[in-house]
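Engineer: What follows is a predicted structure for the sequence shown.
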Amino acid sequence: MSTQGLEYNSLRGAVRDWRSVRERMTTLSSDMAGYDPGGLPASVQGEAQRFLDSWSDLAAESADLAGGYADAVQATLDDFTGEDELSASEIGDLEGSVRG
Amino acid sequence: MTVVIDVPPAEPTIERPDGEVGRIEAFAAGLHRASTRFEEVADEAAQLANLTSWEGAAFEAYRSAAGTTSAEHSALRGTIERVGRAVSAHGDALTDHLRRYDDLVERRSRLDQRRDALIADVEATTDATDAQIEELRRRARELGADYRTLRADHDALHRRVDADERLLAQAFRSADTTGEALSDDGGTTSAARSAMRKPGAPGDGASPEAVNDWWNGLTPAEQAAVVAAYPGVLGSADGLPASARGDANRVLLAEDLAELTAKEQEGTLTELEERMLKNARETETALQDADGYTDPIDGHHPGGTLWMYDPAAFDGEGTVALGYGDLDTADDVAVFTPGIKSTMGDDTAYYGERMRNLYESSRYGGDGSSVATMFWLGYDSPDAWNDPATLGEGRAAEGGEALADDVAGMRAARADDPAHMTAVGHSYGSTTTAHAAADHGLDVDDIALLGSPGAGPAETAGDLGVGEDHVFVGRDSRDGVADLGDMDSTGGPGLGRDPSSAGFGANRFEAEDHERGWHQTLTDNHNNYFDVDSESLYNLGRVVDGDHDSVNAAPPNVDTGVPGALGEHDPEFWDDDVTHDEPGRSDTSPDQE
């Protein structure tokens, strides 16, 4: 038999942390795109620029990934919250009394 | 009659190696900062993968994915860090290349002056005699030979520059696809990988001698590649030339400064990292001092060598060894071990300055031999006077073994060109040095113990294994720490026999402070042995220079046989001929104008 369950505040914290990661990696992606290889020898500047472009993209993908986690955890929270409210409503309708 | 003098052409045009060191260092620092970002993601993903408050199939899927994210970002961190190291190494190499470029420019200028003078003399000569003609031709031949040597050196420099640039380009190329970035050896050049697979490579139990053979069997390009790719392995590899270890440790230092400074700015430093950053900054200061030093004897720049660098050792107290001069070629090499309260973060620059003083004293008034002096803090020195470790020899025994191992490593790096080596120990470091010598066969030619609280396991100078004629002792009569050593008949509270005592049999030299008072102290008179223009520094310089005949002897401490404070009589206490800056006694450096 499987077990299900969650603690809201903990997951909200996870959402917040993933969003923070997304912001930082977005900034890094932007920073790396702006790194200046101009002080390197001319013979390696082309390779350096390709490297920077590639890693700026990697950082952006990392940011997207973090954002994806944040969204997924948030969706889980929303689903549980929605289901919980629906169930609460249905159970509340029963009124718990046999006097109908 | 027309006489032809073949004046050689002025050549070559000296080409400057391409690149700007400051901007390269900034670029490397950016990559190191970026590596901390990927590390953060790896750490946070690992933490966020283990939410204990969520259960079920969705959580299992989430946990699996976040675990993958953590592992991948850990790999990304490693790759970008390796590329950052390659860039740092290139900046260090370019610094050396530019120094050689400046030398070539200067040499070319001097040759051109000789050429101009020759042309002027040729043009001014009329009715030349055969002797005059031959003299002009001789000058032209010699000038031509010197130009050819210059060209050869210039070509060699640029072959090395080209190889370094190819290496750096390869480092970038080896990490510019997602697959390479995620691989375990992304950012590592093929030259480095193949070199590390050769027999004798460090890091896999190879002996110092085997490591030395391995290094000498690599091409210059391979050597540069392994320094850039494996600085953590090479920086502590016994048997490697000091310059190779130094290059590797500079890469590690640059990396630490960049990454830890970034964390400091974000407020995410751990306590250990705080100590590591302090250690790194102190080391950077000391290294800059050494790099900027000019030998006052001949005006050359001996340069600094970061022979050992581990800012995390001993829970952040750190281990470090920093040298002045060329440890690979110097005729005379001194290794200095400090005493208690010595830490990497507080004392590296302080002791670096003292190594500069010792270097200068050894050179000034010396026999013209080349010199290198190194501060070695490769052990966990006791923290304070009231540290229980100060009262025992445990740390000295452990440190002595480490010191002997490291000196053996230095020896292995110069098996075909052994230096005259002197081990110098101060305070608790003298006890450490004595343990290295008496217990572990410290492979040096001479030993000097300063302000010693006791010679540990050595009952006599002969026990130190270098011959009692090669054991020297400096003791200021007002040094309260040096007063702690045991006397022959009455014992004492120290860490073994007083090496300045008559019974020990060492060569005590003059080491009085010209500003001494009437009382012994545990500070000023204990810490003045490397003061400029002091008796002690003068005599240490002679020992390091191997000029024992010029060491000014002092009478040994005398055992009175009376227990307690009257147990010894130090003739130097009553010496009224203490000198300062006196030639042949205490003049250790050219006086400043």
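Structural biologist: Structure received.

Engineer: close to chain A, is the strand or helix carrying B:Asp43?
Structural biologist: Element membership of B:Asp43 [criterion: DSSP states H and E] is helix B:21-48. Yes: judged by Cβ under 8 Å from any Cβ of the partner chain, helix B:21-48 and chain A are in contact via B:21-24, B:26-27, B:30-31, B:34, B:37-38, B:40-41, B:44-45, B:48. Just so you know, the C-beta spots here come from the backbone N, C-alpha and C atoms, and that holds for glycine as well.

Engineer: List the buried residues for that helix?
Structural biologist: Within helix B:21-48, the residues that count as buried by 16 or more other Cβ atoms under 10 Å in any protein chain shown are B:21, B:24-42, B:44-46, B:48.

Engineer: try stretch A:30-40
Structural biologist: A:Met32, A:Tyr35, A:Pro37, A:Gly39, A:Leu40.

Engineer: Intersect those with the contacts of chain B.
Structural biologist: With Cβ under 8 Å from any Cβ as the criterion, the subset of the buried residues of stretch A:30-40 in contact with chain B comprises A:Met32, A:Tyr35, A:Pro37, A:Gly39, A:Leu40.

Engineer: The fourth one: what's it in contact with?
Structural biologist: Okay, so that is A:Gly39. With contacts defined as Cβ atoms under 8 Å, 6 or more residues apart in numbering or on different chains, A:Gly39 is in contact with B:Gly19, B:Glu20, B:Val21, B:Gly22, B:Arg23, B:Ile24, B:Ala26, B:Phe27.

Engineer: Taking the residues you listed, tell me the two that lie furthest apart.
Structural biologist: B:Gly19 and B:Ala26 (12.2 Å; Cβ to Cβ).

Engineer: separation between A:Gly68 and chain B?
Structural biologist: Here the criterion is Cβ to the nearest Cβ, to the nearest Å. By it, A:Gly68 lies 9 Å from chain B.

Engineer: how many neighbours does that residue have?
Structural biologist: Counted with other Cβ atoms under 10 Å in any protein chain shown, residues neighbouring A:Gly68 total 14.

Engineer: Residues in contact with stretch B:292-306: which ones?
Structural biologist: Residues outside stretch B:292-306 that contact it (Cβ under 8 Å, 6+ apart) are B:99, B:242-243, B:245-246, B:249-250, B:253, B:283, B:286-287, B:289-291, B:320-327, B:352, B:356, B:359-360, B:363-364, B:371-372, B:374, B:589-590.

Engineer: In helices, which of these fall?
Structural biologist: Taking DSSP state H as the definition of helices, the contacts of stretch B:292-306 contribute B:99, B:242-243, B:245-246, B:249-250, B:253, B:283, B:286-287, B:289-291, B:352, B:356, B:359-360, B:363.

Engineer: For PyMOL, what selects the buried ones among these?
Structural biologist: The buried subset of the ones in helices among the contacts of stretch B:292-306, as determined by 16+ other Cβ under 10 Å, is captured in PyMOL by this line:
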select buried, chain B and resi 242+243+245+246+249+250+253+283+286+287+289+290+352+356+359+360+363
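
Engineer: Single out the residue in chain A that lies closest to chain B.
Structural biologist: A:Gly39 (2.3 Å; Cβ to the nearest Cβ).

Engineer: Disregarding residues adjacent in the polypeptide, which is nearest to that residue?
Structural biologist: Beyond its immediate neighbours in the sequence, the residue positioned closest to A:Gly39 (Cβ to Cβ, 6 or more residues apart in numbering or on different chains) is B:Arg23, lying 2.3 Å away.

Engineer: these two touch, right, that neighbour and A:Asp36?
Structural biologist: Yes: when contacts are counted by Cβ atoms under 8 Å, B:Arg23 is listed as touching A:Asp36 (7.0 Å).

Engineer: C-terminal to the helix or strand B:Ala145 falls within, which secondary structure element comes first?
Structural biologist: B:Ala145 belongs to helix B:130-173 when assigned by DSSP H and E. Using DSSP H and E, the next helix or strand after helix B:130-173 towards the C-terminus is helix B:178-182.

Engineer: Buried by neighbour count: which residues of that following helix qualify?
Structural biologist: Buried residues in helix B:178-182, counted by 16+ other Cβ under 10 Å: B:Glu180, B:Ala181, B:Leu182.

Engineer: tell me the contacts of the closest residue to chain A within chain B?
Structural biologist: The nearest approach of chain B to chain A comes at B:Arg23, 2.3 Å away (Cβ to the nearest Cβ). Contacts here follow Cβ under 8 Å, 6+ apart; on that basis B:Arg23 touches A:Asp36, A:Gly38, A:Gly39, A:Leu40.

Engineer: Widest-spaced pair of those residues?
Structural biologist: Farthest apart among those by Cβ to Cβ are A:Asp36 and A:Leu40. That separation is 9.2 Å.

Engineer: Mind listing the shared neighbours of these two?
Structural biologist: For the pair A:Asp36 and A:Leu40, residues contacting each of them under the criterion Cβ under 8 Å, 6+ apart are B:Arg23, B:Phe27.

Engineer: count of residues packed around B:Asp575?
Structural biologist: When neighbours are counted by other Cβ under 10 Å, B:Asp575 comes out with 14.

Engineer: show me the contacts for it.
Structural biologist: If a contact means Cβ under 8 Å, 6+ apart, then B:Asp575 has B:Ser477, B:Glu512, B:Ala554 as its contacts.

Engineer: Most neighbours among these, which one is it?
Structural biologist: Ranked by the number of neighbours (other Cβ under 10 Å), those place B:Glu512 first, at 26 neighbours.

Engineer: Excluding chain neighbours, what is closest to that residue?
Structural biologist: Spatially, and ignoring its direct neighbours in sequence, B:Glu512 is nearest to B:Val578 (4.3 Å; Cβ to Cβ, 6+ apart).

Engineer: Counting neighbours, what do you get for the one you found?
Structural biologist: For B:Val578, which is what you asked about, the neighbour count (other Cβ under 10 Å) is 20.

Engineer: Isn't it up against B:Asp513?
Structural biologist: Yes: using Cβ under 8 Å, B:Val578 and B:Asp513 qualify as a contacting pair, with a distance of 7.4 Å.

Engineer: what does the average pLDDT come to for stretch B:156-169?
Structural biologist: Per-residue pLDDT values across stretch B:156-169 average out to 92.

Engineer: Now it: buried residues?
Structural biologist: B:Leu157, B:His158, B:Arg160, B:Val161, B:Ala163, B:Asp164, B:Glu165, B:Arg166, B:Leu167, B:Leu168, B:Ala169.

Engineer: burial measure for the closest residue to B:Met276 other than its chain neighbours, as a count.
Structural biologist: Spatial nearest neighbour of B:Met276, excluding adjacent residues (Cβ to Cβ, 6+ apart): B:Pro311 at 4.1 Å. When counting by other Cβ under 10 Å, one arrives at 26 neighbours for B:Pro311.
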